[in-house]
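K.L.:
here is the input, now give the coordinates:
(chains A and B)
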Amino acid sequence: MAIVELRGVSKVYPPHEKGGSDVVAIDDVSLSVEAGDVYGIIGYSGAGKSTLVRLVNALERSTSGEILINGRDIAGLPERELRTVRLGIGMIFQQFNLLGSRSVAANVSYPLEVARRPKAERTKRVAEMLDFVGLADKARAYPDQLSGGQKQRVGIARALASQPAILLADEATSALDPETTHEVLDLLTRVNREFGVTIIVITHEMDVIQTIASKVAVMDQGRVIERGDVFDVFSNPQQPASARFVSTVVKGIPSADELAVLRGRHPGRIVTLAFRDNAVDQARVFGEFARAGITFEVVFGGINEVQGRSFGHLTLALSDAAATDAPTTAGPGGTDRIDAVLDRVRTLTTVTEVR
Amino acid sequence: MESLIELLPQLWKAAGETLYIVGLTLFFGGLGGLIVGLGLYLTRGGSLLANKPVFVVLNLLVNFVRPIPFIIFLAAAQPLARLVVGTGIGNNAIIFTISLAASFAMGRIVEQNLLTVTPGVIETARSVGAGTGRIIFTVLLPEALGPLILGYTFIFVALVDMSAVAGYVGGGGLGNFALLYGYRQFNPIVTWAAVLLIIVLVQLVQYLGNTLARKALRR
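P.N.:
Coordinates of the predicted model:
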């Protein structure tokens, strides 16, 4: 059973000014997150990701639709009852949101105080959590004495103090530098593996999804436009918006500018081939070129790895070795022979002729 | 100078009365200001208890009372003082009236200080299941404590200022002393003695406030 399930959920805000039209932040979204998943939700700023994640712990109330947490619909619950639901859902934030008036230990203890756990249990749990995030020596420090990465680790310790089954991460690494980002992502991966916590990660950084998520949903203008296995969405995005995201991390297809440069350098034909783990045999593709006597040069490309599987694109500049030696034995520029090879290669993978 | 020495017992008595008036008004006005300020903060659009009608009324009330010069407010609020503390004259009447005026002035300061608390920490408290009451006492007030202490220190000076006109409604204090024995008897030394005492008092309180605020802000 899904641990978090949204069914036809919408969130509509009243117009900003009188006479304006309603603002639809979330538009009929359905989503299902299985227990143990690390589920990524990605989209540009303003796509509705942050609103969507706040519907899960009801910091924002939905306008319509069902929000099932462990099978229980929380969409219509009164605020008082939501408090117990929220104890089972941890949340971390882009700006960390630590209480500056409390020490690190007191910050981690806060959810336990809210849950009215006895003092002895709180002390024990706080020590465990600080140990887990590697900040046991900072228990008495105050947030303004910590670095960004340390603050987020305290945020994680605090979010997990009450042993929630679900963790919501709202742009949790967006304020951190790349190295610290990876420290925090490693920690989140441990949270998922060691505690079995289901994590929903909101981000605009594809890199974050690539590093920790197993499934991903792409949001655009309040809708989920594409979802699925991270490998599938990365290697073969179906929607233009998803493709744009993917291209920000998956270098492989030359942009228009890069193409112009390539064209200037290589007068012959240029093709881009798609490679996908388990689906396309690189050795066979290159074998076809070699057998036909077509020489090629890799002029652009990238092979990426997601969840242990690789995919990517290679752009080749082709030339017909035989045609260069004896121009009369083939058509102009060896075009026919190249076409023949490309036809065979097309049976193996996707070929895009670059003009 | 001799007259000042003769007046010393009255001076000390007046100083004691000022402390009495200012101390009690700081307590009652401070409490009132906290309530008004929290009311403004909590009922503002998008806040925890967002309620537009309540906010609009409260906001208007504060804007209505604050600009009234205190000496006029003192006269205007006299019937109300009679109703609440049973008398329109004397120290108790002035304590009531200053507390009332200070509640609105301080309410605005409290509201401004609470607005400096980042909405994110409020949201975080909500995300772990904290209710509004708990958020007020465990997040909102502690997070704004440093600026709040400075705000109360600031209002202290206003209280001393307001207490100076107590003599008009039969109250005592240093203001009354300076007018009665200094100004009206053409004795500037006596007036300046009262001024000096007030300066010392304000300096002491400002120092105390700064120290406490620094402690709360850990800077």
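K.L.:
packing partners for the lengthiest helix in chain B?
P.N.:
Longest among the helix segments of chain B by residue count, using DSSP state H, is helix B:2-43. Helix B:2-43 makes packing contacts with helix B:52-65, helix B:90-115, helix B:145-163, helix B:174-177, helix B:188-217 when contacts are defined by 3 or more Cβ pairs under 8 Å, 6 or more residues apart in numbering or on different chains; DSSP states H and E. Quick note: C-beta positions are derived from backbone N, CA and C, even for glycine.
K.L.:
tell me the most buried of these?
P.N.:
Mean neighbour count, computed with mean count of other Cβ atoms under 10 Å in any protein chain shown, is highest for helix B:174-177 among the helices and strands packed on helix B:2-43, reaching a mean of 25.
K.L.:
what sits up against that one?
P.N.:
Contacts of helix B:174-177 from elsewhere in the structure, counted by Cβ atoms under 8 Å, 6 or more residues apart in numbering or on different chains, are B:10-11, B:14-15, B:17-18, B:163-167, B:190, B:194, B:197-198.
K.L.:
from those, pick the one nearest chain A.
P.N.:
Of all the contacts of helix B:174-177, the one with the least separation from chain A (Cβ to the nearest Cβ) is B:S163, at 32.6 Å.
K.L.:
tell me the contacts of that closest one?
P.N.:
The contact partners of B:S163, taken as Cβ under 8 Å, 6+ apart, are B:T18, B:I21, B:V22, B:T25, B:I94, B:I98, B:G171, B:G173, B:L174, B:G175.
K.L.:
6 Å - rerun?
P.N.:
Taking Cβ atoms under 6 Å, 6 or more residues apart in numbering or on different chains as the definition of contact, the neighbours of B:S163 are B:T18, B:I21, B:V22, B:G173.
K.L.:
which one is it nearest to, not counting chain neighbours?
P.N.:
The shortest distance from B:S163 to any non-neighbouring residue, by Cβ to Cβ, 6 or more residues apart in numbering or on different chains, is to B:I21 (4.5 Å).
K.L.:
measure that neighbour to chain A for me?
P.N.:
Relative to chain A, B:I21 is positioned 32 Å away (Cβ to the nearest Cβ, to the nearest Å).
K.L.:
give me the pLDDT value at that residue.
P.N.:
Predicted confidence (pLDDT) for B:I21: 94.
K.L.:
got the contact list for it?
P.N.:
Remark: with contacts taken as Cβ under 6 Å, 6+ apart, B:I21 is in contact with B:I95, B:S163, B:G173.
K.L.:
please repeat the previous calculation with a cut-off of 10 Å.
P.N.:
B:91-92, B:94-95, B:98-99, B:159-160, B:162-164, B:166, B:171-175 (Cβ atoms under 10 Å, 6 or more residues apart in numbering or on different chains).
K.L.:
what do you get for A:D137?
P.N.:
Taking Cβ under 10 Å, 6+ apart as the criterion, A:D137 is in contact with A:V104, A:L130.
K.L.:
distance check, it against A:A127.
P.N.:
Distance, A:D137 to A:A127, by Cβ to Cβ, to the nearest Å: 12 Å.
K.L.:
kindly export stretch A:218-237 (C-alpha atoms) in CSV.
P.N.:
Extracted C-alpha coordinates of stretch A:218-237, given in CSV (Å, rounded to 0.1, in the frame of the first residue of the first chain):
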residue,chain,number,x,y,z
VAL,A,218,8.2,16.4,-12.9
MET,A,219,6.0,19.4,-12.1
ASP,A,220,5.1,22.2,-14.4
GLN,A,221,2.5,24.9,-13.7
GLY,A,222,0.9,23.0,-10.9
ARG,A,223,0.6,19.7,-12.7
VAL,A,224,2.6,16.6,-12.7
ILE,A,225,3.6,16.3,-16.3
GLU,A,226,5.8,13.2,-16.1
ARG,A,227,6.6,10.6,-13.5
GLY,A,228,8.3,7.3,-13.2
ASP,A,229,11.6,5.6,-12.6
VAL,A,230,14.4,8.1,-12.4
PHE,A,231,16.4,6.2,-15.1
ASP,A,232,13.5,6.2,-17.5
VAL,A,233,12.7,9.9,-17.0
PHE,A,234,16.4,10.8,-17.3
SER,A,235,17.3,8.7,-20.3
ASN,A,236,14.1,9.2,-22.2
PRO,A,237,12.0,12.2,-21.1
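K.L.:
buried sites along it?
P.N.:
Residues A:218-220, A:222-228, A:230-237 are the ones in stretch A:218-237 that count as buried (16 or more other Cβ atoms under 10 Å in any protein chain shown).
K.L.:
chain A contacts on chain B?
P.N.:
If contacts are counted using Cβ under 10 Å from any Cβ of the partner chain, the residues of chain B sitting beside chain A are B:117-132, B:134-135, B:138-139, B:141-146, B:216-219.
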